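**Student:** fold the following, please.
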Amino acid sequence: MDLDALGGLVKLGLSEKEANTYLALLRLGEAGASHISKESGIHPRSTYDSLEGLVSKGLVTFAEKKGSRVFAAFGLETLMGLVEERRHVVENLIPTLEKQLKTHDEPLVRVFRGIDGMRSVWEDLLKEAKPIYFYGGAMQGFRFHLKDYAQRWNQRREKLKIPVRLIYIDQPGVKNTFKGFKYWNAKPLPEKLYSSVVWWLYGQDKMVLVFWGESPVAILVKSLELAKSYRNFFEIVWRAAGKTGKKQKIV
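**Tutor:** Have a look, this model is predicted:
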């Protein structure tokens, strides 16, 4: 699936004007600032500022030709440098931030909104690296909301050998979504027995309530007692699902 070029460049850390300027320069090959400004539709002053930013990031080079400065996009592999630089910053920043993180003895509740918020929850699932219990709704991320990210997430999960148990609604197409997944055990529930409440369990004490919609919302509750109670309930439903639907085990 092709990624939106403008959106992708912005996610890599470029401003929207820098991204538009860079794309215009890719189309032109080599050009002066005024030509780039016309191609991108950005004001000349902003074009100059964007070009300076792109040059500082190593994405654009320039040369003097006949008394005028012309610009050209540098090798596309330079974009990987942006990713590695940001990864390096994050890896070095996390230990510093963890030292400042206040621990909580009481149940901890956090709300995550939107697709980026959901990604944060899925990343935490991998960070815990413990068995995951999905009670409905997990496949909506794979099918509709997170799509390509979800597939990459599952590859990382399989590499970490994190086991998953899934109770899902018995509808056409849902089972095909996770067909071939490793370390994955799933059971369907008949639609008449299925609840619209979606929740997940992972780690020792984490439970997530998930509300899928145009802008998904996830509520993370960190509580040992709550997680224990819902894990017991999961086991009861798991046994019931084995009686009411055919077990689907993917290995």
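**Student:** buried residues in the biggest helix by length in the chain?
**Tutor:** Determined from DSSP state H, the single longest helix within the chain is helix 78-100. Buried positions in helix 78-100, judged by neighbour count with 16 or more other C-beta atoms under 10 Å: 79, 82. Using the backbone N, CA and C atoms, a C-beta is placed for each residue, glycine as well.
**Student:** any idea of the mean pLDDT in that helix?
**Tutor:** Regarding helix 78-100, the rounded mean pLDDT is 77.
**Student:** and if you look at stretch 153-168?
**Tutor:** Average pLDDT, stretch 153-168: 91.
**Student:** about what we covered before: roughly how far out does the longest helix of the chain sit from the chain middle?
**Tutor:** Relative to its chain's centre, helix 78-100 lies at 17 Å (C-alpha atoms, centre = their mean, to the nearest Å).
**Student:** quick one, helices of this structure?
**Tutor:** Secondary structure of the chain (DSSP H): helices located at 5-11, 16-28, 33-40, 44-56, 78-100, 114-128, 138-140, 148-160, 174-177, 224-244.
**Student:** tell me what angle the fifth one forms with helix 16-28.
**Tutor:** Angle, helix 78-100 to helix 16-28, by axes from the mean of the first three to the mean of the last three C-alpha atoms, to 10 degrees: 160 degrees.
**Student:** identify the residues contacting helix 78-100?
**Tutor:** 12-13, 57-59 (C-beta atoms under 8 Å, 6 or more residues apart in numbering).
**Student:** of those residues - the most surrounded one?
**Tutor:** Neighbour count (other C-beta atoms under 10 Å) singles out residue 59 as the most crowded of these, with 24 neighbours.
**Student:** so who does that one touch?
**Tutor:** Contacts of residue 59 (C-beta under 8 Å, 6+ apart): 22, 73-74, 78-79.
**Student:** please repeat the previous calculation with a cut-off of 10 Å.
**Tutor:** Shown in contact with residue 59 (C-beta atoms under 10 Å, 6 or more residues apart in numbering): 9, 12, 14, 18, 21-22, 25, 51, 53, 73-76, 78-79, 81-82.
**Student:** tally of neighbours for residue 241?
**Tutor:** 20.
**Student:** surely residue 156 touches residue 126?
**Tutor:** Yes. Using C-beta atoms under 10 Å, residue 156 makes contact with residue 126 at a distance of 5.9 Å.
**Student:** quick one, which of the two is more surrounded?
**Tutor:** For residue 156 versus residue 126, the count of surrounding residues by other C-beta under 10 Å is larger for residue 126: 15 against 12.
**Student:** do you know how far residue 235 is from residue 227?
**Tutor:** With distances taken as C-beta to C-beta, to the nearest Å, residue 235 is found 13 Å from residue 227.
**Student:** return every residue with contacts to both of the two.
**Tutor:** Contacts common to residue 235 and residue 227, judged by C-beta under 10 Å, 6+ apart, are residue 133.
**Student:** neighbour count for those two, which is higher?
**Tutor:** Set residue 235 next to residue 227 and count neighbours by other C-beta under 10 Å: residue 227 wins out with 19 against 12.
**Student:** show me the contacts for residue 38.
**Tutor:** Each residue near residue 38 by C-beta under 10 Å, 6+ apart is listed here: 24, 28, 31, 44, 47.
**Student:** also residue 215?
**Tutor:** By C-beta under 10 Å, 6+ apart, the contact set of residue 215 is 113-115, 117-118, 145.
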